[in-house]
Each structure stands twice: as structure tokens, then as C-alpha cells.
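Novice: A predicted structure for the sequence below; I have some questions about it.
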Amino acid sequence: MRIRLIPREERFFDMFVEDAANVLSAARHLEEMLQTYEDVEQRAKELFAMEHHGDELSHAIGSKLNTTFVTPFDREDIHALISGLDDVLDLIEEIADTFILYHVDAPTPASVQQATIIRKQCEAIHEALTKLKSFQGLQKYWIEIHRLENDGDRIARAAVAGLFSEKTKAIDMVKWKDIYALLEDCIDKCEDVANIIEKIVVKHA
């Protein structure tokens, strides 16, 4: 049994969960926005506030990292984790904003499906981080996030193919290709976070 002469700072784990909970709230907000598609500008403003709160949480974790002598795991992995969560949140906010900037009348079924995948991935990330302190029993979460990413790829490919087969207007094709790409990028970023969690767990197994 390894004895620690200097106790590690455990507060980081609570901060990771708080950060992930904010990202999950934003993912649920985006999904609801696309499912109902009402008061979209107000919902986008609320997502902007969540993104700003996420920046504050990331800054707080970064500040604690700079003043903590013994961290629960490698500093570069802590930085990668909070950066990954921040990337997911930034994309969620950007997706909502793009629907408004592009004057989208209604979301497509594919875009709603992609938003649902993001929400499910963020749920898995949040659950994984609530159990990260033990460094055990987390494999099922990154496996599920990878599975969801594969589903997202299939949805995105079919959606883009549909733009061509349905003789979509050129301007609408540009809009939807951009939106599908942003949604897919967010799904990929969630997978990046899963990879970071896996890396942390493997190091401490």
C-alpha cells in the first residue's frame, strides 16, 4: 500500500463534476430548444450564460491548479479535461447561435437526433466524473460515448447525403452542411473527453 506523505487535493473532483453538470445542462437545453423550437433567441441567450459560467468554472479550476502542490492526477490531464469540457460547451453555444444567425425556420429530424446524442454523451461524461475519484468502474462510460459517436457519424453522413438527393436549394445546403458539421464536431469533442477520462483511469489503474 502506497502511503502519501502529502495528501492530494481532493476538491478537484467536485469541481470537475460541477463543470460537467453545467455542460450537461447546456446539452439538455440545446436538445429541448431543437425539439420544441420555440423562443429560440431566449434559449440561445440562456446557453450563452451557461457558456460564460463554464468559463468561470474552468478559470477556477485553472487557478486552483496553479496553487496546488499535490494534484489528484497529472496536471496536464487536468488541463486537458477542463479544456475538453470547455470545447464541448463552446460548441453547444455556437450551434444554438448558428440556428439564429442562419434564420433556420425549423430543425431537421437529423439535427434533433444529433442533439440527443450530444445530450446522452454529456450524461455519460457527467456520470463518469462523479465516480472518477475511485478510478474504477468507468470503462462502460467511455464505451457508451464511443458507441454514440459512431451513431452520430451515421446520422451525419445520411443527413448530408439527403441534402443532395432531395434537391435542396443551394443556400439551404450551405446552412445545413455547416450545422451538421458543428453538431458532429461537438459529438467528436465529447469523444475526446471520454478519451481523456480513459487515459486518466488507465494511468491510475
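Specialist: Nice, I can see it. The structure displayed is predicted, hence computed values, not measured ones.
Novice: what helices and strands are in contact with the longest helix seen in the chain?
Specialist: Of all segments of type helix in the chain, defined using DSSP state H, the longest is helix 170-204. When contacts are defined as 3 or more CB pairs under 8 Å, 6 or more residues apart in numbering; DSSP states H and E, helix 170-204 packs onto helix 75-101, helix 109-130, helix 139-165. Every residue, glycine included, has its C-beta placed from N, CA and C.
Novice: pLDDT of that helix, averaged?
Specialist: Averaged across helix 170-204, pLDDT comes to 95.
Novice: OK, contacts around the residue lying closest to Val88 once chain neighbours are set aside?
Specialist: Setting aside the residues directly before and after it, Val88 is nearest to Lys189 in space (CB to CB, 6 or more residues apart in numbering), at 4.8 Å. By CB atoms under 8 Å, 6 or more residues apart in numbering, the contact list for Lys189 reads 84, 87-88, 91.
Novice: and Thr168, what are its phi and psi?
Specialist: phi -70, psi 140 (degrees, to the nearest 10).
Novice: same question but for Pro72, I mixed them up
Specialist: According to degrees, to the nearest 10, Pro72 has phi -70, psi -30.
Novice: number of nearby residues for it?
Specialist: 19 (other CB atoms under 10 Å).
Novice: equivalent analysis for the one 5 residues further on, please.
Specialist: Burial measure for Asp77: 17 neighbouring residues, criterion other CB under 10 Å.
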